[in-house]
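>>> here is my input, please return the structure:
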Amino acid sequence: MNSFTVTLNNDILVKNVTKIVFGLNNLTNSSIYFEKENRRVNAKSILGLLSLMVGKGDKITVYYTENGLEDKIKNILLNEY
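Now for the predicted structure:
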């Protein structure tokens, strides 16, 4: 499984969570997980993201199974919303 760590520059809680989940689901069929403080959730799940309580300034580790997704995932998290 591939991974990278990113510091969020936006607030992905309630106002952006659906856009991020839809963006990740449309991106690939690959499994994608976010981890914060040793808690890992499915990044393609609205409830998973909400339960992780991530927001602006948080560092999260992103895990994914398909090669070549790092830049696309970063674009969804850092730029589009």
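>>> residues contacting the closest residue in space to Glu66 that isn't next to it in sequence?
Spatial nearest neighbour of Glu66, chain neighbours left out: Ser30 (3.5 Å); criterion: Cβ to Cβ, 6 or more residues apart in numbering. Heads up, the C-betas are built off the backbone N, CA and C, glycines and all. Ser30 sits next to 64-66, 69 when contact means Cβ atoms under 8 Å, 6 or more residues apart in numbering.
>>> are any of the residues you listed buried, and which?
64, 69 (16 or more other Cβ atoms under 10 Å).
>>> dump the contacts of Ser30 to a markdown table, plus distance to Glu37 and pLDDT.
Listed next are the contacts of Ser30 as a markdown table, based on distance: Cβ to Cβ, whole Å; pLDDT from 0 to 100:
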| residue | distance to Glu37 | pLDDT |
| --- | --- | --- |
| Tyr64 | 19 | 93 |
| Thr65 | 22 | 91 |
| Glu66 | 25 | 89 |
| Leu69 | 23 | 90 |
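>>> confidence score at Leu13?
Predicted confidence (pLDDT) at Leu13: the value is 56.
>>> Asn10 now?
68.
>>> low pLDDT regions in this protein?
Along the chain, segments meeting pLDDT under 70 span 10-15, 79-81.
>>> after the helix of greatest length in it, next one along is what?
Using DSSP state H, we find that the single longest helix of the chain is helix 17-27. Counting by DSSP states H and E, the next helix or strand C-terminal to helix 17-27 is strand 32-36.
>>> which parts of whichever helix or strand comes after that following strand are buried?
Going down the chain from strand 32-36, the next helix or strand is strand 39-42, by DSSP H and E. By neighbour count on 16+ other Cβ under 10 Å, the buried set for strand 39-42 is 41-42.
>>> which ones are touching the most far-flung residue of the chain relative to its centre?
Each residue of the chain has a distance to the centre, and by Cα atoms, centre = their mean the biggest one is for Asn67: 15.9 Å. Neighbouring residues of Asn67 by Cβ under 8 Å, 6+ apart: Asn2.
>>> measure it to Leu8 for me?
Asn67 is 23 Å from Leu8, where distance means Cβ to Cβ, to the nearest Å.
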